[in-house]
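# Requesting a structural model of the entry that follows:
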Amino acid sequence: VAAARLGLKSVLRAYVGADQNGQECLASLIQDGVDTTFVERQDGKKTNYHYVLWFQDDRTILIKHEDFDYELPDIGEPKWIYISSAGENSLPFHQTLVEYFAAHPAVKLAFQPGTFQIKFGAAALAGIYRRADAFFCNRDEAKRILQTTEDGMRKLLTMMHGLGPKIVTITDGVKGAYASDGEQAWYMRPYPDPKPPLSRTGAGDAFSSTFTVALALGKSVPEALRLAPINSMSVVQQVGARAGLLTWSQLE
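Below is the predicted model:
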């Protein structure tokens, strides 16, 4: 949705159940201009339904993934693929993705691991990390992925580069975000909130997707790092991960 609102042709590969929630998800995506050709409705499965424990401006999300039958259709050769949250049974599917990227070296990869992808461990997803053109996580996630107690951001960036990603971005909540291309590193403070945040759900997703769109449009890492926090600021002013996402003109 972020990519579609920012002007790119956005196509989603995902799974929903043949239920009312799945139908509402599809309708919402279509309304936002996302191509749902590769969104698969699987009979006998329930659409993923997560609960958000919301207190003041912070939240904890209770994740419940349905065991969908993951496979890769003929998606051709898009300029960018953005991989994020997948279920606990998706590990073999990631090997399929590694094989796809090996056969399509021109396709750029952005990787923002979800709960189970982090739980799999970096070794199990080594092929994805090595292939990533852009990688995103927060500070706590970086420490879990790297299995380290190291807290210094410069060191965490260097260690994450060691797994293979060309551009590494690590967010640090209200303290801002850091990015590195392996040679230089940059810091960006949060974009000022016009009023106190309502809910932080989707702030990280807005940041990572906007950063990726900026790269896809030919922007430099510092430019992407300037643009991404603006969408995060907008998202936390409304309920949910989608409502506050901006268009390109609004972002500028």
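
# who touches stretch 241-252?
Here stretch 241-252 makes contact (Cβ atoms under 8 Å, 6 or more residues apart in numbering) with 1-2, 5-7, 28, 32, 201-202, 205-206, 210, 227, 230-231, 234-238. For the C-beta atoms, the positions are set from N, CA and C on the backbone; glycine is no exception.

# Pull the distance from that stretch to the chain's centre.
16 Å (Cα atoms, centre = their mean, to the nearest Å).

# what comes up buried for that stretch?
Neighbour counts over stretch 241-252 (16 or more other Cβ atoms under 10 Å) mark A241, R242, G244, L245, L246, L251 as buried.

# And for stretch 203-220?
203-216.

# Which single one of these is nearest to G17?
D205 (22.0 Å; Cβ to Cβ).

# Quick one: classify that closest one as helix, strand or coil.
What DSSP: H, G, I helix; E, B strand; the rest coil gives for D205 is helix.

# okay, it: pLDDT?
On pLDDT, D205 comes in at 95.

# Thought I61 was touching it, still the case?
No: contact criterion Cβ atoms under 8 Å: D205 and I61 do not qualify, at 11.3 Å.

# Can you pull the poorly scored residue ranges out of the stretch 151-252 of the chain?
Along the stretch 151-252 of the chain, the model assigns pLDDT under 70 to no residue.

# Walking through it, point out its helices one by one.
Taking DSSP state H, counting those that start in this stretch, the helices of the stretch 151-252 of the chain run over residues 153-161, 203-216, 221-235, 248-251.

# ok, Q20 - how many residues close by?
Counted with other Cβ atoms under 10 Å, residues neighbouring Q20 total 9.

# So which elements touch the one helix or strand A4 maps to?
Here A4, judged by DSSP states H and E, is contained in helix 2-5. Counting contacts by 3 or more Cβ pairs under 8 Å, 6 or more residues apart in numbering; DSSP states H and E, helix 2-5 packs against helix 203-216.

# Report the angle between the helix it packs on and helix 221-235.
Computed by axes from the mean of the first three to the mean of the last three Cα atoms, to 10 degrees, the angle separating helix 203-216 from helix 221-235 equals 140 degrees.

# can you give me the offset of helix 203-216 from its chain's centre?
Centroid separation for helix 203-216 versus its chain: 8 Å, with Cα atoms, centre = their mean.

# Renumber starting at 2 from here on
Sure, I'll start numbering at 2, so the last one becomes helix 204-217.

# Would you map the strands across this structure?
15-18, 40-43, 52-56, 59-63, 81-84, 109-112, 135-139, 168-172, 178-181, 186-189 (DSSP state E).

# Perfect, I'm done here.
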